[in-house]
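>>> sequence plus the predicted model coming up.
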4 protein chains.
Amino acid sequence: VDTNRLEAFSDGVFAIAITLLVLNLSVSDPTKITHGGLAADLQHKWPSYAAYFVSFLVIGIIWVNHHFVFKLIARVDRPLLFINLMLLMVVSVLPFPTALLASYIRHGPADSHLAAVIYSVTMLGMGLGFAAIWLWVTRTKSGLLHERLNEVAARGAIVRFALGNLVYVATIGLSFVNAVLTLALHFVVAIYYVFDQLPVDRGANTNGEP
Amino acid sequence: VDTNRLEAFSDGVFAIAITLLVLNLSVSDPTKITHGGLAADLQHKWPSYAAYFVSFLVIGIIWVNHHFVFKLIARVDRPLLFINLMLLMVVSVLPFPTALLASYIRHGPADSHLAAVIYSVTMLGMGLGFAAIWLWVTRTKSGLLHERLNEVAARGAIVRFALGNLVYVATIGLSFVNAVLTLALHFVVAIYYVFDQLPVDRGANTNGEP
Amino acid sequence: VDTNRLEAFSDGVFAIAITLLVLNLSVSDPTKITHGGLAADLQHKWPSYAAYFVSFLVIGIIWVNHHFVFKLIARVDRPLLFINLMLLMVVSVLPFPTALLASYIRHGPADSHLAAVIYSVTMLGMGLGFAAIWLWVTRTKSGLLHERLNEVAARGAIVRFALGNLVYVATIGLSFVNAVLTLALHFVVAIYYVFDQLPVDRGANTNGEP
Amino acid sequence: VDTNRLEAFSDGVFAIAITLLVLNLSVSDPTKITHGGLAADLQHKWPSYAAYFVSFLVIGIIWVNHHFVFKLIARVDRPLLFINLMLLMVVSVLPFPTALLASYIRHGPADSHLAAVIYSVTMLGMGLGFAAIWLWVTRTKSGLLHERLNEVAARGAIVRFALGNLVYVATIGLSFVNAVLTLALHFVVAIYYVFDQLPVDRGANTNGEP
């Protein structure tokens, strides 16, 4: 499998998962809403919108980073294929923990914490999936990377991936304290990644790569 | 990220969002419909069909225009990536306000107006997303556009985008008066865009561009 | 818009619509099925499977024919873009009449006939969409076709499209008599199209076209 | 239809079917769960997660193998188009037997066995679909394969396909005994295929093929 088709398939899964998130935004049956009650009903559902927004952002960021990582990869072997498949599984399952957190964020503490833990573990799963891809392709003599790639920059990126996963571990810890704060922290992390740029990217860009 | 992959991902989101709209067309449980009652049941659901039709047309138009805009763009930088992601978020959330408007268009005035406002604000969000893309790529020395692009034509397009957004602001105003008329106005605007052609397009076409 | 991107977008809509059909195959709540009652429950739902099968086949055939038609088209203008969008609307709405027919095929005659009419009209809409594309691109001096195309073969295809639509008109007539027979006839027509090959195809093939 | 577009369409269906599986992971209505009851509720739904995991893996493997097979195919004729369409139908229907097995795996023996049979038959359908593709393209003088393909290796692959289908026949047999064991066996088979590599692949790789 060349990287083009793996990227196309991955993009397809990202695009579908990101769009399926909207199915979590439910419209209440109008026959059960008193006249004039729609505003209150919509306000009551704010966790759905917040979780939608954060998860949408996360999948968008993953799509961007997935592309940056695979721009550095020249060849795909079978293990990489299945590591990537595991990453895609975590991405495409995301609508489930998103709906779970939105539904239980205001339930009793035990349930809201559990939902937040599951959401945070999913995020950690994404981070670990990326780290696994990166470790696999940057291991000595993998032969999967473009030869021009700077090894120092590659090692720097590993540190970044590790730090990112530490943040996700922290969100798991926070989940046991407060589910709303956990979702807020995931939002902050996502915004950070929007503005963050991998150092490796610049190295790659200077290659005048297509 | 080159424009090809950004366009492919965007096309994927457009194609999925436009197809997911059909999930808003529900089939009533046959055990709850008396024999011979299907015709009346289907007629009663006309807002679903109307909202489906308008939203389908809108996403279709956005797809066409998105392509025209990105044909003028040579390079993608990180901010453009995330401005585009925000546009995709508005597009992929559209099935929600579509279902909301279809469900509450005949509810009490407060609720039908609110649903129409949310629908119109979503449309404005799309217009603003496009305007943001256009402002970002046409700002002096962005270096993102094809060099052949006529600057006068580019400025003309900005005026067009601004006018388009004024129309969406007007639909928000109308939403506070009548939800059915608001949906009708969105239909008229969509039909207008079907026949409208951006002046920049012609300039680009004369380049004999593939 | 070049034909490549239009074909890619259309393929996306076809792939999503064909896959969303599975959402019409519902699993009964196990708490409402007595032990040993699953077989009878599944048998009772045969119209869902039959309608799924026919609609899947129809979208598959449309995908194949869409590709054959667009292989003959060299350029896309704005009207063609929106004629194609109308065809995509009919394709992506298909899960709705499919579910409707499956749900009401055994309801009272008035309702089953109405569901069959709506299903047949959707099929006619597809046929007319194809005919509209064909008429638009083969009109004198459209300049949209590959120059090598045989005009006689093109006219022959128009006759074929017209005949195909007559069959769909016939299914509408049959719908007023018997819904099950109508679905069966749609199945027969689909099978016919699986084995049928447009005469134009051969002409195009002899060009050794990629 | 060239292989590129057939692969792109197939990839689209694979990507959508694999992502739609998540819709089988339902979130219980929070108003029906007592405080602190979420953990038990989630645990109770383990068959959903297990079936999701196995089906996700299966579609992922099919995607990989589909690509390997079509890398060997140079030309597509109309029968191959429809054999492939039948394979896509089995893939896109998979969310249904997955949901069925997850829902009825703990129901009475008659129902759980029936659900397992349907799940296993679907898997056999995939295996037979692949075998049909392979038989069609490797038949003498099909002219569809790349000329460089080793005939001995091609015959070896046929044996492999046949053995794979025997395993699926065995899962149908096991379905009549125990549904949980059947799902476990499908998991084992999927894991085997993750690590298995078709002998033909290596032959193809030595061609330095793109």
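Done, it's in. On a predicted model such as this, the values are computed, not experimentally measured, just so you know.
>>> C-alpha only now, for contacts and for neighbours.
Will do.
>>> contacts only, for A:Trp63.
Going by C-alpha atoms under 8 Å, 6 or more residues apart in numbering or on different chains, A:Trp63 touches A:Asp11, A:Phe14.
>>> which parts of the helix or strand containing it are buried?
Here A:Trp63 sits within helix A:46-71, counting by DSSP states H and E. Within helix A:46-71, the residues scored as buried using 16 or more other C-alpha atoms under 10 Å in any protein chain shown are A:47-71.
>>> got the residues of chain A near chain B?
By C-alpha under 8 Å from any C-alpha of the partner chain, the part of chain A that sits against chain B consists of A:11-12, A:15-16, A:18-19, A:22-23, A:25-27, A:29-30, A:35-39, A:56, A:60, A:64, A:67-68, A:194, A:210.
>>> helices of chain A, start to end?
Counting by DSSP state H, chain A has these helices, from start to end: A:3-20, A:38-44, A:46-71, A:78-93, A:95-104, A:109-138, A:151-175, A:179-195, A:199-205.
>>> for the longest one, buried residues please.
Same thing as helix A:109-138. So helix A:109-138, judged by 16+ other C-alpha under 10 Å, has buried residues A:109-135, A:137-138.
>>> and chain D, which of those residues reach it?
A:Pro109, A:Ala110, A:Asp111, A:Leu114.
>>> for those, work out which two are farthest apart.
Greatest spacing in those, by C-alpha to C-alpha: A:Pro109 and A:Leu114 (8.3 Å).
>>> where does the prediction get shaky in chain A?
Within chain A, the ranges that satisfy pLDDT under 70 run A:1, A:140-142, A:147-155, A:196-210.
>>> close to chain D: what parts of it are there?
Near chain D, when you scan chain A using C-alpha under 8 Å from any C-alpha, you find A:1-2, A:9-10, A:12-13, A:16-17, A:82, A:85, A:89, A:92-93, A:95-96, A:99-100, A:103-104, A:107-111, A:114.
>>> and with 6 Å instead?
A:Gly12, A:Val13, A:Ser92, A:Val93, A:Leu100, A:Gly108, A:Ala110, A:Asp111 (C-alpha under 6 Å from any C-alpha of the partner chain).
>>> of all those residues, which comes closest to A:Val188?
Closest to A:Val188, out of all of the residues of chain A next to chain D and judged by C-alpha to C-alpha, is A:Leu100, at 20.1 Å.
>>> if I look at the closest one, how far off is chain C?
Separation of A:Leu100 from chain C (C-alpha to the nearest C-alpha, to the nearest Å): 21 Å.
>>> before we move on, what about A:Asn165?
34 Å.
>>> now restrict the residues of chain A next to chain D to buried residues only.
A:Gly12, A:Val13, A:Ser92, A:Val93, A:Leu100, A:Ala110, A:Asp111.
>>> can I get the residues you listed in a markdown table with distance to A:Phe161?
Output for these, formatted as a markdown table (distance: C-alpha to C-alpha, whole Å):
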| residue | distance to A:Phe161 |
| --- | --- |
| A:Gly12 | 24 |
| A:Val13 | 22 |
| A:Ser92 | 21 |
| A:Val93 | 21 |
| A:Leu100 | 27 |
| A:Ala110 | 31 |
| A:Asp111 | 30 |
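>>> list the contacts of the residue lying farthest from the centre of chain A.
Within chain A, the residue lying farthest from the chain centre (C-alpha atoms, centre = their mean) is A:His35, at 39.4 Å. A:His35 makes contacts with B:Gly108, as judged by C-alpha atoms under 6 Å, 6 or more residues apart in numbering or on different chains.
>>> what about 8 Å?
By C-alpha under 8 Å, 6+ apart, the neighbours of A:His35 are B:His107, B:Gly108, B:Ala110, B:Asp111.
>>> is it true that the first one touches A:Pro30?
It refers to B:His107. Yes. Counting by C-alpha atoms under 8 Å, B:His107 does reach A:Pro30; the two are 7.4 Å apart.
>>> what about these two, which has more around it?
Per other C-alpha atoms under 10 Å in any protein chain shown, whichever of B:His107 and A:Pro30 has more neighbours is B:His107, with 21 against 17.
>>> what is the burial count for A:Ile191?
For A:Ile191, using other C-alpha under 10 Å, the count is 15.
>>> distance check, it against chain C.
From A:Ile191 over to chain C (counting by C-alpha to the nearest C-alpha), the distance is 30 Å.
>>> same check, this time on A:Leu57
From A:Leu57 over to chain C (counting by C-alpha to the nearest C-alpha), the distance is 23 Å.
>>> list the contacts of that residue.
A:Ala190.
>>> mind running it again at 10 Å?
Contact analysis of A:Leu57 by C-alpha atoms under 10 Å, 6 or more residues apart in numbering or on different chains lists A:18, A:51, A:63, A:186-187, A:190-191, A:193-194, B:82, B:85-86, B:89.
>>> of the residues you listed, which is the nearest to chain D?
A:Ile18 (10.2 Å; C-alpha to the nearest C-alpha).
>>> which ones are touching that closest one?
A:12, A:52, A:55-60, A:63, A:91-92, A:94-95, B:13, B:16-17, B:88-89, B:92-93.
>>> run a quick neighbour tally on A:Asn84.
A:Asn84: 20 neighbours (other C-alpha under 10 Å).
>>> now distance to D:Leu144 too, for the ones next to chain D among the buried residues of helix A:109-138, in JSON lines please.
Output for these, formatted as JSON lines (distance: C-alpha to C-alpha, whole Å):
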{"residue": "A:Pro109", "distance to D:Leu144": "62"}
{"residue": "A:Ala110", "distance to D:Leu144": "60"}
{"residue": "A:Asp111", "distance to D:Leu144": "57"}
{"residue": "A:Leu114", "distance to D:Leu144": "54"}
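>>> using TSV, lay out these together with distance to chain C.
Output for those, formatted as TSV (distance: C-alpha to the nearest C-alpha, whole Å):
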residue	distance to chain C
A:Pro109	29
A:Ala110	27
A:Asp111	25
A:Leu114	26
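>>> so for D:Ala157, which of the helices of chain A sits nearest?
helix A:78-93 (18.1 Å).
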